[in-house]
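Fold the following and give me the result.
(one chain, ligands or ions: 1)
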Amino acid sequence: MGYDVVIVGGGLAGLTNSLVLAKSGLSVLVVEKKAYPFHRVCGEYISNEVLPFLKSMGAYPEELEPAQLKRFQLTSVAGKQMEMPLDLGGWGISRYALDEFLYRRALELGVTFRLKTQVEDVHFQDNQFEVVLAQGDIIFSPLVIGAFGKRSKVDKVLDRQFIQERSDYIGVKYHIRTEFPGDVIALHNFAGGYCGLSKVEGERYNMCYLGSRKHLRQYGSIEAMEEAVVKRNPYLKQVYENSEFLFEKPEVINEINFKPKAPVEGHILMSGDSAGLITPLCGNGMALAIHSAKLLSELILTHYSPKETWDREVLETEYAKVWKKHFALRLWAGRKIQRLFGGESASNLAVNLGKRTPWVARRMMAQTHGKPF
Ligand SMILES: Cc1cc2nc3c(=O)[nH]c(=O)nc-3n(C[C@H](O)[C@H](O)[C@H](O)COP(=O)(O)OP(=O)(O)OC[C@H]3O[C@@H](n4cnc5c(N)ncnc54)[C@H](O)[C@@H]3O)c2cc1C
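Predicted coordinates for the structure are as follows:
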């Protein structure tokens, strides 16, 4: 069977695209290599800029009682700290719960899912796509959305430029029970990285850090690296010593690359991290994934018609333009601000900046955040 749109990847970008397109009557297939619900490496702090849109789609999971986050705390490697209000604020919810919630909403709107199915290859020929699934099936479709996240098999088959380069970053996530204010998101620096701590739904907290693969190799295991590097920040040491860790082992990913990517490649329309990943210190990747999916789906609804001829080139050009206008500067700012993190003196500088000139810190934060949409 053919679909108007095949979406590769059912994370926030893929699910959001599926909601908007299915709501307007297009036939949509989402191919996701895992099965909901599942944990992902993510800080699980989501900026309030997404609220008007999610509420308008009936996709804000109010009944899950997300934590409401209003204050920001920053500590340096050596344990200096500052606190400031979060101008726009955000909410905390586990991806385990949020993605499952959006998946259920998409099913209600008639979206078809192929779960536990990996897309192996995508060919574009005679103005249509052939999407090759791991089981050998081929799905035909006039439109394919690439919502396969930071790094995927599809990036390799497309031979995208960033895939050639190794990245030093690793991501590690835990859920914990701990004593910490429920309305604060903390960002604790350590050598080579930084760790977020904030509440999600229930009595759980998310503890998620971006660390260095070099350190992991040097110390031989996550545990040894945490002992030698992460716990040198006294705030983090205290969290490790006074919390209950709820996973048997942490969720870990590697090869996290913040290099610019193209929003359209091989005629595939990229959405979310597939189009570009913002540095996680901004706590904005999820909002960006949802926003980019909304913009892309609205353009598809404007330019694509299942019954009449339509102009692919106009859709691709428009999307590339809109993506650049909304997100290119934010990703660039995120890369620059990340230089203030993960080093002893740089993180001291960041804390001092926040303390002495809070308006500058707020301006910097605003650079990486969007307006409510
Ligand atoms: C350490 C770290 C902390 C972060 N913390 C935050 C935070 O606190 N707040 C925030 O807003 N953002 C944060 N982010 C960023 C955020 O997690 C991402 O920007 C967001 O998940 C992007 O959503 P997505 O849908 O593009 O990708 P994903 O959520 O990664 O979804 C991609 C999906 O595609 C599937 N897939 C991949 N390849 C295939 C294939 N070939 N076939 C089928 N399925 C496939 C995957 O299984 C996955 O489900 C963080 C990122 C990192 C690395």
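
mind listing the strands for the stretch 201-350 of the chain?
205-212, 244-245, 251-254, 264-265, 268-270 (DSSP state E, counting those that start in this stretch).

next one: the stretch 1-150 of the chain
With strands called from DSSP E, counting those that start in this stretch, the stretch 1-150 of the chain shows them at 5-8, 28-31, 45-47, 67-75, 81-92, 112-114, 119-125, 128-133, 138-141, 143-146.

hey, which of the ones you listed is tucked in deepest?
Ranked by mean neighbour count, the strands of the stretch 1-150 of the chain are led by strand 5-8 with a mean of 28 (mean count of other CB atoms under 10 Å). All C-beta spots, glycine's among them, are computed from the backbone N, C-alpha and C.

re the thing from before, how about JSON lines for the strands of the stretch 201-350 of the chain, with mean neighbour count, distance to Leu133 and mean pLDDT added?
JSON lines is the format used below for the strands of the stretch 201-350 of the chain (neighbours: other CB atoms under 10 Å; distance: least, CB to CB, whole Å; pLDDT from 0 to 100):
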{"stretch": "strand 205-212", "mean neighbour count": "24", "distance to Leu133": "31", "mean pLDDT": "97"}
{"stretch": "strand 244-245", "mean neighbour count": "12", "distance to Leu133": "37", "mean pLDDT": "98"}
{"stretch": "strand 251-254", "mean neighbour count": "16", "distance to Leu133": "23", "mean pLDDT": "96"}
{"stretch": "strand 264-265", "mean neighbour count": "18", "distance to Leu133": "20", "mean pLDDT": "98"}
{"stretch": "strand 268-270", "mean neighbour count": "28", "distance to Leu133": "16", "mean pLDDT": "98"}
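
hmm, back to that, of the strands of the stretch 1-150 of the chain, give the one that comes closest to Gly266.
Judged by CB to CB, the one of those that comes nearest to Gly266 is strand 119-125, at 5.9 Å.

okay, the strands of the stretch 201-350 of the chain in CSV with distance to the ligand next?
Rendered in CSV, the data for the strands of the stretch 201-350 of the chain read as follows (distance: least, CB to the nearest ligand atom, whole Å):
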stretch, distance to the ligand
strand 205-212, 5
strand 244-245, 17
strand 251-254, 7
strand 264-265, 14
strand 268-270, 9
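
Return the residues in contact with Asn242.
Applying CB atoms under 8 Å, 6 or more residues apart in numbering to Asn242 gives the contacts 178-179.

Report pLDDT for it.
pLDDT recorded at Asn242 is 97.

For it, give its distance to Leu236.
As judged by CB to CB, to the nearest Å, Asn242 and Leu236 stand 11 Å apart.

Val360 versus the residue nearest to Ala287 when sequence neighbours are not counted, what's the distance?
Leaving aside its chain neighbours, Ala287 sits nearest to Ser47 (4.3 Å; criterion: CB to CB, 6 or more residues apart in numbering). Noted for Ser47: a distance of 20 Å to Val360, by CB to CB.

For the residue nearest to Val360 when sequence neighbours are not counted, pull up the helix or strand it's in.
Excluding its sequence neighbours, the residue lying closest to Val360 (CB to CB, 6+ apart) is Leu353, at 5.9 Å. Using DSSP states H and E, Leu353 sits within helix 344-356.

still on that earlier bit, could you dump the strands of the stretch 1-150 of the chain to TSV with distance to the ligand and mean pLDDT?
Output for the strands of the stretch 1-150 of the chain, formatted as TSV (distance: least, CB to the nearest ligand atom, whole Å; pLDDT from 0 to 100):
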stretch	distance to the ligand	mean pLDDT
strand 5-8	5	98
strand 28-31	5	98
strand 45-47	4	96
strand 67-75	10	95
strand 81-92	8	92
strand 112-114	8	98
strand 119-125	4	97
strand 128-133	8	97
strand 138-141	12	96
strand 143-146	9	98
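
and Val20, which of those strands is closest to it?
Closest among these, once you apply CB to CB, is strand 28-31, at 9.5 Å.

rewinding a little: what is the distance between the helix holding Leu353 and the centre of its chain?
Centroid separation for helix 344-356 versus its chain: 26 Å, with CA atoms, centre = their mean, to the nearest Å.

how about it: buried residues?
Residues 347-348, 350-351, 353-354 are the ones in helix 344-356 that count as buried (16 or more other CB atoms under 10 Å).

Please name every helix or strand in contact with that helix.
strand 67-75, strand 81-92, helix 358-368 (3 or more CB pairs under 8 Å, 6 or more residues apart in numbering; DSSP states H and E).

Reformat the strands of the stretch 201-350 of the chain as a markdown table; add distance to Val229.
A markdown table is the format used below for the strands of the stretch 201-350 of the chain (distance: least, CB to CB, whole Å):
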| stretch | distance to Val229 |
| --- | --- |
| strand 205-212 | 7 |
| strand 244-245 | 18 |
| strand 251-254 | 15 |
| strand 264-265 | 36 |
| strand 268-270 | 34 |
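
how big is the angle separating the lowest-mean-pLDDT helix or strand in the chain from strand 81-92?
Within the chain, no helix or strand scores below helix 358-368, which has a mean of 75 by mean pLDDT, DSSP states H and E. Between helix 358-368 and strand 81-92, the angle formed by their directions is 30 degrees, by axes from the mean of the first three to the mean of the last three CA atoms, to 10 degrees.

Appreciated, that's everything.
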